[in-house]
Each structure stands twice: as C-alpha cells, then as structure tokens.
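*Asks:* have a look at this fold, sequence not included:
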C-alpha cells in the first residue's frame, strides 16, 4: 500500500474548475488525482468515507504570513502550515514581510528548504517588490523569479512610490509574474488604526478612510493599464475598491483581486464590542487588522463582488501574533487576524445566509486564487485547484453543516489572535489531503 | 474661623483629633443606584447615578468648606494615581480629594517609574494591585487604556483621561458647575466650541449632558470635527453604543446664539502645526469666544473651559476672566466631584 494513495468514497464532489457537482469517489495515486467517478476501484488503497460530506480540491490561499524566518515566536512554517491543513488549505502563498525580508534568493530558498522538511502543505513563497521592503528600489526580481516565487509584494506596506510601482510592473513583463499590492495611500491612511467612521469617532481612535485604499487601487489600475502587467489587489475592503476593479475588468485591464473572510463577514463595530471582553468598550486588539474592518455597506459590496467574480479569490491574510503582542493599548497593537482555522467556516456563513452558492464559494477558494496569480503555470502545478486527472492530489473533505465553537487556545497556529473566540461557526474541516497524504483529519474520521 | 488658623490646624497632627464626623448623608449605606466598580466614561451611567454623584459632590463641597476639610471615610484605602501624561489640575485634585477623605494617596508618573523602562500597562496595573492599591486613577495618552487596565485588576479604575476618548470626572465637574448655576439641565443649550476630534472632554460631556436632557451643539472647523460624529450611516443599524446625537455647527455665531452654556476647548498648538487649521490668526477670527459673540448667548450664559486656557486663542482675555466665566469654579468643584467618585467607587467595591 502506497502512503500517497487514497480513495475518498461517497461524498458530494465539487470541482468548480470543471463544473463537476456529483456524488462519487475521488481516487489519488502517487500523490496525484487519477480519477473522479462512481464506485471507483479501491483495490488495496486506504479509504476515507465521505458520505454526507463535501469533497473538493484542497483550498488555495494566495495571501498568508508564516512569520518564518525572523518571527518564529509568532509562527513557524511548521505551525503555520499545520494550521493551514486544519483549515482545509493545501497550498499557501506566504508574504515576504519576514526578517530578513524575502527580497533575496537565500531567504526564498530557506523557506523552500524548511517547508520541504517541516510543512504539512505546499508553500509557495512570494518575493519582495523592493529591496528590504523599503519601497525605494526594486529587489532582484529576476533572481527571485528564478528561485521560484509566484508573485511579488511588499505586503504589510503599500508600494507608496508610484514611480517604483510603474518600474516594477514594467520589469515584471519579462518575468510573467503579478504584483500583489497592499493598497493604502499613506498620507490618507495617516497612521489610522481602524476604519474612519462612527465607531472610531466614538472610541476616540484615529481612523483611516476608505479613500486611502481606493486612491491606491485606482492608481494601480491606471499603472496596470499603462504597463500591461498584471496587478493583483490584495485584501479589498471597500465598496469603492470593488467598483474600481469592476470597471477596470470591464475595460480589459489585467487586474485581479482578493478579499479576506473577515472583510466578508465582520464590521468595524466588532472593535467596540466583544463577547469575550465584557464590561464596557472592548477596544479589541484582536479585531485590529489592515485594511481595517469596515461598514456593513462595504461588507455587502465585497460579498456581491465575490459572487459576481469581480473579486477573484478569498485569501485569508492569516496574520498570527503572539498573545503578548496583542495585550496592549489598541494604538500600539500589531495588525492581523489568525485566520487559517476559521476561514472556511466564516466563508461558508455566506452560503448558509444564501448570499452565495456553494460551488461559487469553493471556486473562489480553489480555481479562483490559482487563476488570479497564475499558479498553475508553475512546474508541477498544472491543474492545481481542480480534481482533473493529473492534478496534485490535494483534496478537502468537509461537513458544511457541522457546528463548532472557536477556541483559539486549541488552534494549531501559534497565533490565537482572532475576534471570533467563543463564536459558534457552521462548517467544519473533516480531512485535508495534501499530495495524497492526510495532512489533517478529525479524530473520528475512520481511514480504512 | 479665620483662614490662617484653619490652615494651621489642618497641618497640625492635633487637628486630626478634632476632625468633624462625616456629614450624615455619607454615613448612610451605599445607595443601590450605584453600579460601578470602575468609572471609565459616562456612557454607561444612568441618570440616577449621575444624580447620585452630584448629590455626593454637594456633600463633599460642604466638607471642603469646613475649618478642617477632612473626613476619615476612606482611611485605610490606598489610592494610586498613574499618570502617563502631564497634568496639573486633574492629578492634584484627585490627590487632594483622596487626602481629604483620609485615604493614602501615592502618585506615579511615567517618568521616574518602570513605565519609562517599557513596562506594559497590564504589568504596571498588576504590580500596583500587588502593592495594595484599592483604587487606580489613570491618565493615559492612548484611547481605551483604562479599559485594558480594568480587565486586569481587582482595584477600581477611575479614568482620568484617555487619549481622545473620555474624561468622565471632568464632564461630571462641568455638569456640577453648570447645575449649581442653572439647576435642571433639561432643554438647556450647551455649545462646545473648538477641537472636537481630539477632545476627550467633549466626548464625555456629550454623554453626560445628553443624559441629563441638555441640547448639545458642537462647533468647530470641519477639520477638527470627527468624521462619523453623526453616527451609523447607510444600511448600518442604529447602535446604543454610538455617541448620542448632537447638533453639528461650523459657524460659531449661529452656535452661540441663545446658548445657556458656552464651553470652549483648548486648541493644541500641534493641531495648527499639523495643518488642521491654516493659522492661529484665522482660528481666532473664526472661532474665538469674544464678548461680542457671547452677547448673543442668553443673558448671563455661563462660560466654561476645561483648562489649561490659551488666553487670546480659543477665548478672549476679557471673557476668560469676565463675570460670566466659571473657569476657576470648575477647578474648585473638581476636588468635590473627585471626592464623590472616590467615595462611590470605594463603596461600590464593597
């Protein structure tokens, strides 16, 4: 029996890339999909019984922070990818805001080497746009591409200098890789720590307006149009940004966009009130994230943008921090939410609330992100994000209706920073299969 | 008793022996209306609780008028003031208030303490609890810091000003001062003029005054008015956590007209430096409370200022020191109101 062989039997198979929605089996041999169909021959292979469950391609996250190298006390490649597996992700693209930053081949190779030795799922590094993430001059983008990065980004910070963004986009034409930009015009964001609106006014916190994001989204779209290079808008959070991307796509501008589970479901009000922080205003540092959580209208626009395909992908922006990092005044807390382990259930709430159908949601978590960054064009990743024959043997089995309570202390991630602690979510990962291997499975899952 | 001898007595040890008993009001059991272990802002105060603070502060004012302005009510109670920001009147009045009630009062400022070495708010609070603090009086430049502190200590926390957010004892002493002249505040027009965005005094006053039925008008240039002051918008549902509705006015003449109370706020020099107003000169032209402008308010309208005053900037010299100004009275009332808060928080801790 080969440990990379597996039969997943009797589930509802969803493969949005090929329009498949059927009851049946998925067979993996030697770490690759060899077939999807009814009553496949299991001869000697291990079997996961998926009756009553959904079986789909393993989820693909094109935006996360593994914190390694440099901030191993927050997360490591090992713990981060274990958390990813718990969340149903089989491919994660990690941002280069590490220490040292991912602006050199050496750092990228360190990540690849460490992932090969310790990771539960596939890790695809993203390289820096600028040397040292300083936003001044281009990093060696060609060498980073040769090392195997799948995109460039200075995430955590925007490419504030429009001239640098233009140059980098032009240069990328030769490399065929997109730039993922954290859009936040610094002069307008003005060190704001949350969304500028009535909650910030009430809490006496400095806000950053939606226009700080939208101004840079508009700039990036203009530069994509100018250079013909692909721009990917990271974590869209405002109705205005969705509108800008919609119009750009209609004109054929090469722009794609992602949205996080929290920007699809939570508003700025959660900063003020938290069930786990009773007795007065929460000033919940676990709800501090950049871009900030916005208004209900922004959330609705992001959901509609996702449904309509204006937004190509859901990306977690998994941003783990140690508890001590967040145990401080709101202004001083680092931004970010530990998101791998709640992403699927949060996203599924859109399906339960009938704002989105399940195949569309799964598309935005699999084929959508793959297409946005063109991940399937890399060696060995053909058909990534699908269950096509020959695709990587990455499969997620989940129960869309199982309820569970978010208990951050039980996260696989070192980051327990989530504003969802204590919430009951609906939709649970049952098993995550990465390259035919079981990367995560609930205890009660019988593997025969 | 002549003033001199009163001072001498108060300083002498023997004077303590002849201290008068607390006024009868204070010896009654703590009334059930008081629900606060901490005083963080006025947003969660009932009108009954505000009335109780006013009533108690009135009794405290009586104590302060005695030859020996001391009662032993909080003897054995340790109050620590923790100030991460400079302060003259708030810190000194909390200290005097504690001492007038017989408590032990210790003052800690960020310079010269472990705060300077980078000790976190949570660690500082735990340390002060360990040395025996019953009540912490905290001033902090970050909005929300006292909330963080209150979640990590058994001591009662009194917010003495946090960032741009709240300054409940100031709002209560403002209210006390207004009521001592105007009585019932229902229907009274109170205009707050100046830098609303960065003002914790404005925010706490908005809560306190609207709860007591006053009509609050805030006035200032749009660049000093917080975005979102008008509350939830679009499809957002109304929230009981939102600031209560106030009238927003950018024209000072319209704002002051027929006001019962004119409260001006300090214009921080750094606001001008960061370009929020074009110049002090223009600010003075457009927003300074002058006697000419004050003449359009109700006759005898009160003029308040939380201090420290930039004379000749937000308020003209003659108005600041004029017959309608109660600025010094505010400071004096501050001690009585803070005595009331310390007393009530101490009783509330059971």
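*Replies:* Arrived safely. All figures in this text were calculated on a predicted structure; none of them were measured in a lab. Residues are numbered from 1 along each chain as shown, chains lettered A, B, ... in the order given.
*Asks:* shaky segments in the stretch 251-400 of chain A?
*Replies:* Segments of the stretch 251-400 of chain A classed as low confidence (criterion: pLDDT under 70) are A:278-279.
*Asks:* what does it put close to chain B?
*Replies:* For the stretch 251-400 of chain A, the residues found near chain B under the criterion C-beta under 8 Å from any C-beta of the partner chain are A:267, A:269, A:272-273, A:277, A:279-283, A:295-297, A:300, A:327-332. For the C-beta atoms, the positions are set from N, CA and C on the backbone; glycine is no exception.
*Asks:* name the nearest residue to residue B:101, ignoring sequence neighbours.
*Replies:* If the residues on either side of it in the chain are set aside, residue B:101 comes closest to residue B:74, at 4.0 Å by C-beta to C-beta, 6 or more residues apart in numbering or on different chains.
*Asks:* same question but for residue A:80, I mixed them up
*Replies:* Residue nearest to residue A:80 in three dimensions, not counting chain neighbours: residue A:66, with 4.0 Å by C-beta to C-beta, 6+ apart.
*Asks:* neighbours of residue A:78, how many?
*Replies:* When counting by other C-beta atoms under 10 Å in any protein chain shown, one arrives at 19 neighbours for residue A:78.
*Asks:* got it, and the one 4 residues further on?
*Replies:* Residue A:82 sits with 23 neighbouring residues when counted by other C-beta under 10 Å.
*Asks:* ditto for residue A:31
*Replies:* The burial count assigned to residue A:31 is 18, neighbours taken as other C-beta under 10 Å.
*Asks:* what residues are up against it?
*Replies:* The contact partners of residue A:31, by C-beta atoms under 8 Å, 6 or more residues apart in numbering or on different chains, come to A:4, A:392, A:393, A:435, A:436, A:437.
*Asks:* could I get the full set of helices for the stretch 201-350 of chain A?
*Replies:* When secondary structure is read from DSSP state H, counting those that start in this stretch, the stretch 201-350 of chain A shows helices at A:210-227, A:239-250, A:261-265, A:296-308, A:323-326, A:340-352.
*Asks:* ok, now which ones touch residue 215?
*Replies:* Answering for chain A, as no chain was given. Taking C-beta under 8 Å, 6+ apart, we find residue A:215 in contact with A:185, A:188.
*Asks:* meant chain B actually
*Replies:* Taking C-beta under 8 Å, 6+ apart as the definition of contact, the neighbours of residue B:215 are B:187, B:188, B:189, B:190, B:247.
*Asks:* how about a cut-off of 7 Å?
*Replies:* Residues in contact with residue B:215 (C-beta atoms under 7 Å, 6 or more residues apart in numbering or on different chains) are B:187, B:188, B:189.
*Asks:* what does chain B put close to chain A?
*Replies:* Taking C-beta under 7 Å from any C-beta of the partner chain as the measure of proximity, chain B contacts chain A at B:40, B:44, B:120-122, B:142-145, B:147-148, B:150-151, B:163-165, B:200, B:203, B:226-229, B:231-232, B:234-236, B:239, B:241-243.
*Asks:* just the buried ones among those residues, please.
*Replies:* Among those, those buried by neighbour count (16 or more other C-beta atoms under 10 Å in any protein chain shown) are B:40, B:44, B:120-122, B:142-145, B:147-148, B:150-151, B:163-165, B:200, B:203, B:226, B:228-229, B:231-232, B:236, B:241-243.
*Asks:* about what we covered before: any chance of the helices of the stretch 201-350 of chain A in a markdown table, plus distance to residue B:97?
*Replies:* Below are the helices of the stretch 201-350 of chain A laid out as a markdown table (distance: least, C-beta to C-beta, whole Å):
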| stretch | distance to residue B:97 |
| --- | --- |
| helix A:210-227 | 44 |
| helix A:239-250 | 50 |
| helix A:261-265 | 45 |
| helix A:296-308 | 44 |
| helix A:323-326 | 35 |
| helix A:340-352 | 47 |
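*Asks:* quick one: closest of the ones you listed to residue B:65.
*Replies:* helix A:323-326 (49.0 Å; C-beta to C-beta).
*Asks:* run through who's touching the closest one.
*Replies:* Applying C-beta under 7 Å, 6+ apart, the set of residues contacting helix A:323-326 from outside is A:285, A:286, A:333, A:334, A:416, A:417.
*Asks:* which stretches of the stretch 251-350 of chain B form strands?
*Replies:* In order along the chain, the stretch 251-350 of chain B carries the following strands (DSSP state E, counting those that start in this stretch): B:261-264, B:302-304.
*Asks:* ok, and which of those has the densest surroundings?
*Replies:* Among the strands of the stretch 251-350 of chain B, strand B:261-264 has the highest mean neighbour count (mean count of other C-beta atoms under 10 Å in any protein chain shown), at a mean of 27.
*Asks:* run through who's touching it.
*Replies:* Counting by C-beta under 7 Å, 6+ apart, strand B:261-264 makes contact with B:178, B:188, B:190-194, B:256, B:289, B:294, B:297, B:301-305, B:314-315, all of which sit outside it.
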